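Engineer: A predicted structure for the sequence below; I have some questions about it.
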Amino acid sequence: MLFVFVSCFFLFFVFFSVKPPAPFNLTLLENGTYKFFWKSGYEAYRYWRVLPLRYQFLYYKDGEHHNVSAKHHVYKEEIEIENKKLDPGTSYSAVVRTGIETHPKYSGTWSDWSSPVKWSTAYRDEPHQVGKIIIGMFLLLGLLIVLILIPAARLKIKEIALVPTPESYFQPLYQKYQGNFQVSVACDDVESLKDSAVSLESLEDCEFTQVPVIINPVTVCFKQDYCTLTETPSGPVPTFSREGELDENTSGD
């Protein structure tokens, strides 16, 4: 008990004669709102919670240190600032200091300011900016696809252009028949048109004489026969006679 009494007496004496230490470890937690935490410097004392401490928290825009945006007096080591109280797309700084609650029996002075913590607020139209970025990315992707496909299409057209045309093969026929390919082909000319480009339809009107097929033909003249040709009005006609008959005729003569 004596130790506690001495500690409290010492703390009260410090409050009356010496200003409190500056807060430290000022931290910002952003989760829809801006929540700040810090340390007072008295956490090592067992009964520091009963000490009459108060804090002054303020924040301002960067470059406007003398134009304080807001000042808050709190009695605990944290404070929360709503996002709507801050300007969008703006950089801020915040500091805090410790003081002694005013009392008839004792008083104190404010501590030094803590080290500032800095942050920047988001733009209000940030979702629209993200949408624009996404649209731009899709447009860029489409442009890249078009640039890739255009050379492929040109190569395809070039390959098609390299296919030979049959025009040169029909040019002689075109000049010969003066562009009229509907010609009548006589039967006698079929053999001469084998090397020409004649359609099969022009050959349908030709009448072919079927040659009879002779199976196992019998020769007119045998080895033992004598053949002679007799002139007739229709042409030479072969005649034959047996070897014996020829001998008899010869002997009779």
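Structural biologist: It's in. Numbers count the residues shown, from 1 in each chain.

Engineer: now for Ser91: which residues touch it?
Structural biologist: By CB atoms under 8 Å, 6 or more residues apart in numbering, Ser91 lies in contact with Lys61, Asp62, Lys118, Trp119, Ser120, Thr121. Glycine gets a C-beta too; all of them are placed from N, C-alpha and C.

Engineer: and which of these is nearest Gly89?
Structural biologist: Of all the contacts of Ser91, Gly89 sits closest to Thr121, with 6.3 Å by CB to CB.

Engineer: residues near the closest one, how many?
Structural biologist: 15 (other CB atoms under 10 Å).

Engineer: how about Tyr59?
Structural biologist: Applying other CB under 10 Å, I find that Tyr59 has 24 neighbouring residues.

Engineer: who does the helix or strand it falls within pair up with?
Structural biologist: Assigned by DSSP states H and E, Tyr59 falls within strand 53-61. Taking DSSP bridges as the criterion, strand 53-61 pairs within the sheet with strand 68-74 (antiparallel), strand 91-100 (antiparallel).

Engineer: what comes up buried for the next helix or strand after the longest one?
Structural biologist: This points to strand 91-100. Under the assignment DSSP H and E, the closest C-terminal helix or strand after strand 91-100 is strand 117-120. When burial is assessed from 16 or more other CB atoms under 10 Å, strand 117-120 yields the following buried residues: Val117, Trp119.

Engineer: hmm, back to that, among the strands paired with strand 53-61, which is nearest Trp48?
Structural biologist: For those, proximity to Trp48 was assessed by CB to CB; strand 91-100 is nearest, at 11.6 Å.

Engineer: all helices for this structure, in order.
Structural biologist: Ranges of helices within the chain are 2-17, 126-161, 167-176, 243-252, based on DSSP state H.

Engineer: contact partners for the residue nearest to Ser93 when sequence neighbours are not counted?
Structural biologist: Leaving aside its chain neighbours, Ser93 sits nearest to Pro116 (4.4 Å; criterion: CB to CB, 6 or more residues apart in numbering). Shown in contact with Pro116 (CB under 8 Å, 6+ apart): Leu26, Ser93, Ala94, Val95.

Engineer: isn't the second one up against Val117?
Structural biologist: The reference is to Ser93. Yes - using CB atoms under 8 Å, Ser93 makes contact with Val117 at a distance of 7.0 Å.

Engineer: who's the closest residue to Lys85 other than its chain neighbours bridged to?
Structural biologist: Using CB to CB, 6+ apart and skipping the chain neighbours, the partner closest in space to Lys85 is Ala70 (7.2 Å). Listed by DSSP bridges, the beta-bridge partners for Ala70 are Tyr59.

Engineer: do you know the pLDDT at the residue nearest to Ser93?
Structural biologist: Note for Pro116: predicted pLDDT of 92.

Engineer: then Val96?
Structural biologist: Model confidence at Val96 (pLDDT) stands at 94.

Engineer: make 117 the first number, not 1, from now on.
Structural biologist: I'll keep to 117 as the first residue from here, and by that count the last item is Val212.

Engineer: distance of the spatially closest residue to it that is not a sequence neighbour relative to Lys248?
Structural biologist: Excluding the flanking residues, the one nearest Val212 by CB to CB, 6+ apart is Phe173, at 4.6 Å. Relative to Lys248, Phe173 is positioned 37 Å away (criterion: CB to CB, to the nearest Å).

Engineer: compare these two (neighbour count), which wins?
Structural biologist: Neighbour count, other CB under 10 Å: between Phe173 and Lys248, Phe173 has more, with 21 against 11.
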